[in-house]
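Student: dropping a prediction and its sequence here:
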Amino acid sequence: MPVGSIPCGVAIAPDGTSAYVTNDGDDTVSVINTTTNAVTATITVGAVPLGVAITPDGLTVYVTNVGGGTVSVINTATNAVTHTIVVGGFPAAVATTPDGTRAYVTNAGDDTVSVINTATNTITATVPVGSSPYDVVIAPNGTRAYVTNARDNTVSVIDTATNTVVTAIPTGNSPYELAITPNGAKGYVANGGDGSVSVFATATNLVTAVVLVGTVPLGVTIAPNGAAAYVTSNGGDDVSVIDTAADLVVVSIPVGSEPHGVAITPDGLHAYIANSGDDTVDVTGTAPFNTATALTSAPDPSVFGQTKTLTAVVTSPAGTPTGTVSFVDGTTPLGTAPLVGGVAVFPTSSLNAGSYALTAVYAGNAGFMSSTSPTDPQTVNQAATGTVLATAPNPSVSGQTVTLTATVTAVAPGAGTPTGTVGFFDGTTLLGTSVLVSGVAQVTTSRLSVGTHSLTAVYHGSGNFTASTSLIAHQTVLSS
């Protein structure tokens, strides 16, 4: 939706009904009704507004004015500025404590943080931090404030009880915005200078992961359930969604030009992204996004032992899903395969002869919902076989033991080793029956009369293999 000129910061009221967007280019704040997604008010504030925060009770909005060195205080009931607070040089960002009693403002021009008493709207403390502080967030328990220092590539950690810096956390190049997970365990820092996000543990203040995202990441926020971090790529016109359990990007959402700030509604269903390059705010759905899974199998029908290739294609309006797909026969798992470009391929030659109802089940992840394909009916026919009979010795003499050996093999494209039994015949007279062992069956006989005998081996078939009969083997028996 269109807003003011060069929108940068965005904050959503605690009740989710309104979004406040700072417009850097025309010194205003746009107020958006989140039900209709229409701009309902435009508030004039100080020069070059950038950061914005709303008190937990939803009654007051604080806006940093970079060009004027001030903070505008807005009454949300009237959408009017009620106070203007002089702070440090080039105030960039503002955050309120969970109890709503204080607001912390980063002053990029003089390397400090101003602490405001929200009851009196006066400064009660000034905290020296790193070089060119940009963003500030407060831990969910209110005991720490975290400040990104864009020029010295650190995050200053402030003890909010004493308003002193207790440590500095190294980050990537040019850290801009940061966010803390709802449980307070992890922090995510957008490093605009190197296209990465630094992840740190708040218990140790150590970086635990570095996640590559888009070009010039600026804004970052965490979903209310803590499952995903959303990072705007100002140079890539998209938002990277990071699975906070694995610290991996699971999807990138195309948005408008030069996205800057991002905020998520309290119900977790919608993200609001301020696009500074085209003076708009995008409203998108949030992860996990819907998916659809389709399954095809080839060849169909196949024969036992022939490789059947199961191909699952998983799609989503939000992008290309990642993760794994399980291939299932009814309720019986056949195997899994990873998605590559939204496609998972699973070859199998283990299906017995019969009829199957195959499905592909996409497991989903923080970025995408799970989905199951429609049933793909498949048929596996018996594999054809060939039987070869050999006799030895040939010729033999009357009374001598003759060994009859039958070898049964699958005929391509079938494969595998046939099992079952083979009957050995002299014409129509059964000489004996033997069980196949590794595809071979044998009988011996010394009862063949003098003369020439037409011997055959008859494989009786099995569940996976068709029956077959050998060519005639002529056995000559001489008189002794």
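Tutor: Here it is on my side, so go on.

Student: the lowest-mean-pLDDT helix or strand in the chain pairs with which strands, and in what direction?
Tutor: None of the helices or strands of the chain scores lower by mean pLDDT, DSSP states H and E than strand 248-254, at a mean of 91. Strand 248-254 has the following strand partners under DSSP bridges: strand 238-243 (antiparallel).

Student: any idea how far Phe368 is from the residue sitting nearest the centre point of the chain?
Tutor: In the chain, the centroid-proximal residue (C-alpha atoms, centre = their mean) is Val250; its distance is 3.7 Å. As for Val250, its distance to Phe368 is 7 Å (criterion: C-beta to C-beta, to the nearest Å). Just so you know, the C-beta spots here come from the backbone N, C-alpha and C atoms, and that holds for glycine as well.

Student: name the residues contacting each of the two.
Tutor: Residues within reach of Val250 and of Phe368 at once, by C-beta atoms under 8 Å, 6 or more residues apart in numbering, are Ala287, Thr322, Gly323.

Student: Ile43 - nearest residue in space that isn't next to it in sequence?
Tutor: Leaving aside its chain neighbours, Ile43 sits nearest to Val29 (4.4 Å; criterion: C-beta to C-beta, 6 or more residues apart in numbering).

Student: just give me the closest of the shared contacts of Val250 and Phe368 to Asp329.
Tutor: Of all the shared contacts of Val250 and Phe368, the one with the least separation from Asp329 (C-beta to C-beta) is Gly323, at 21.0 Å.

Student: measure the closest one to Val345 for me?
Tutor: Per C-beta to C-beta, Gly323 is found 14 Å from Val345.

Student: quick one, which of those two is more surrounded?
Tutor: Counted by other C-beta atoms under 10 Å, Gly323 and Val345 do not tie: Gly323 has more neighbours, with 19 against 14.

Student: so Gly305: helix, strand or coil?
Tutor: Put simply, Gly305 is coil when judged by DSSP: H, G, I helix; E, B strand; the rest coil.

Student: correction: the previous question concerned Ala287.
Tutor: Under three-state DSSP, Ala287 comes out as coil.

Student: ok, now Thr64?
Tutor: Here Thr64 is recorded as strand under three-state DSSP.

Student: now do the contacts for Tyr20.
Tutor: With contacts defined as C-beta under 8 Å, 6+ apart, Tyr20 is in contact with 10-13, 29-32, 52, 54, 61, 63, 74.

Student: give me the contact list for the least confident helix or strand of the chain.
Tutor: Contacts with strand 248-254, where a contact means C-beta under 8 Å, 6+ apart, come from 211-214, 228, 233, 236-243, 284, 287, 289, 316, 318-323, 365-368.

Student: next, the angle from the helix or strand following that strand to strand 248-254.
Tutor: Beyond strand 248-254 on the C-terminal side, the first helix or strand identified by DSSP states H and E is strand 259-264. Using axes from the mean of the first three to the mean of the last three C-alpha atoms, to 10 degrees, the direction of strand 259-264 lies 110 degrees away from that of strand 248-254.

Student: got the buried residues for strand 259-264?
Tutor: In terms of neighbour count (16 or more other C-beta atoms under 10 Å), strand 259-264 has its buried residues at Pro259, His260, Gly261, Val262, Ala263, Ile264.

Student: same thing with stretch 137-144?
Tutor: Residues Val137, Ile138, Ala139, Gly142, Arg144 are the ones in stretch 137-144 that count as buried (16+ other C-beta under 10 Å).

Student: name the SS class of the first one, please.
Tutor: Using three-state DSSP, the structure places Val137 in strand.

Student: give me the beta-bridge partners of it?
Tutor: When bridges are called by DSSP bridges, Val137 pairs up with Tyr146.

Student: in terms of contact, does it touch Tyr146 like I think?
Tutor: Yes - the criterion here is C-beta atoms under 8 Å, and Val137 meets it with Tyr146 at 5.3 Å.

Student: now do the residue nearest to the centre of the chain against Gly423, distance only.
Tutor: Per C-beta to C-beta, Val250 is found 61 Å from Gly423.

Student: what do you get for Asp152?
Tutor: Separation of Asp152 from Gly423 (C-beta to C-beta): 88 Å.

Student: same thing with Leu471?
Tutor: Distance, Leu471 to Gly423, by C-beta to C-beta: 15 Å.
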